[in-house]
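> Structure of the sequence below:
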Amino acid sequence: MSLSAAAEEDSAPEIHLPSDIDWKMLDKSKFFFLGAALFSGVSATLYPVVVLKTRQQVSQTQVSRMAFSILRHEGIRGLYRGFGTSLMGTVPARALYMTALEVTKSSVGTATIRLGIPEPTAAVIANAAAGVSAAMAAQFVWTPIDVVSQRLMVQGCTGNSNSPSLTLCKYSGGIDAFRKILYADGFRGLYRGFGLSILTYAPSNAVWWASYSMAQRLVWGGYGCYFCKKEKDSSSSASFRPDSKTVVAVQGVSAAMAGGISAVITMPLDTIKTRLQVLDGMENGNRPPTVGQTVRNLVKEGGWAACYRGLGPRWASMSMSATTMITTYEFLKRLSAKNQDHFTCC
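All right, here's what the predicted structure looks like:
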């Protein structure tokens, strides 16, 4: 659906944005090939922040001290533990994610508008539904990759006296970790935390995409008001066509706002999910911890505030990732459009 819309009041500015590109307008082969390359680069850039967030969720070390310790004892490679495994899962998971996202957004958007729902509300509903379906589709591939890569991330990281022990297994790489987890726990071990992953990422994506849609309209509205005040003494009409740099800037700011909101809302679920995936067992046995045991141990370690451990790195990671992802994603869609000339900014 197009974000272009005239404001309801006659005095409000009319914002002419480039047409949105839906699923039917994309060259699919170019979309997936370029998407794999672009998002692999994004993942490599943001991966160290994910490592710091994951380690902080299973220990009580401050982020700055943890980063210094990793660099001192493990070097820059320590900030990329499990990256190879993560990258292998990024390509198929992103392909599933983008397919489900675009198909759902296009279908739900068209259906809601046919029902007579106003375009701004329809956009929020379509984006939220698309976020849920995309997250659920991607998790079937991503959860096993997440389990393996997180085990590698926390290898060598020490816990504390009140928490369950970290994994005692030593892995020589992603394939070795995959084989040992499969041997010890079967496929259930690779899908540990799958339910919580769905409960974390489905609402997180729904909140993010809905917030992104609303944030964009809010930012564009503010920009339009500023433009009107600037031009009120001139003879030009209250109408403008932003250039490509302005469009990218607004998308980036809107994505950062949406990422911050989503990170705060879903942080406790992410902390519980991470600990379920990287802790081998309780102090009194080798059984994997349950959700209830994980929550009780978190509260025992630091009260309910422990559920927000790692919020700083996660907030930064999600905001940076959202900004980078959405600008990359919109750029990818423009590159993959079948008719390039039709979608250029005026």
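> which residues of the stretch 151-300 of the chain fall in strands?
With strands called from DSSP state E, counting those that start in this stretch, the stretch 151-300 of the chain shows them at 239-240.
> neighbours around residue 48, how many?
20 (other CB atoms under 10 Å). C-beta coordinates here come from the backbone N, C-alpha and C atoms, glycine included.
> and it, what helix or strand is that in?
helix 28-57 (DSSP states H and E).
> What is that helix packed up against?
Applying 3 or more CB pairs under 8 Å, 6 or more residues apart in numbering; DSSP states H and E, one finds that helix 28-57 contacts helix 63-73, helix 83-114, helix 119-153, helix 244-278, helix 311-336.
> okay, these, which one's buried deepest?
Across these, averaging neighbours per residue (mean count of other CB atoms under 10 Å) puts helix 119-153 on top, at a mean of 23.
> And it, what does it pack against?
Helix 119-153 packs on helix 28-57, helix 83-114, helix 174-190, helix 194-231, helix 244-278, going by 3+ CB pairs under 8 Å, 6+ apart.
> for the ones you listed, which one sits closest to residue 295?
Closest of the helices and strands packed on helix 119-153 to residue 295 is helix 244-278, at 6.3 Å (criterion: CB to CB).
> Can you list the helices and strands that that closest one packs against?
helix 28-57, helix 119-153, helix 194-231, helix 291-302, helix 311-336.
> so which of those helices gets nearest residue 92?
Using CB to CB, those put helix 119-153 closest to residue 92, at 5.0 Å.
> how far is that closest one from where the chain is centred?
Between the centre of helix 119-153 and the centre of its chain there are 8 Å (CA atoms, centre = their mean, to the nearest Å).
> Next, the angle from it to helix 28-57.
Using axes from the mean of the first three to the mean of the last three CA atoms, to 10 degrees, the direction of helix 119-153 lies 60 degrees away from that of helix 28-57.
> What's the mean pLDDT across helix 119-153?
On average, the pLDDT along helix 119-153 is 88.
> circling back: state the mean pLDDT of the helix holding residue 48.
Averaged over helix 28-57, pLDDT sits at 83.
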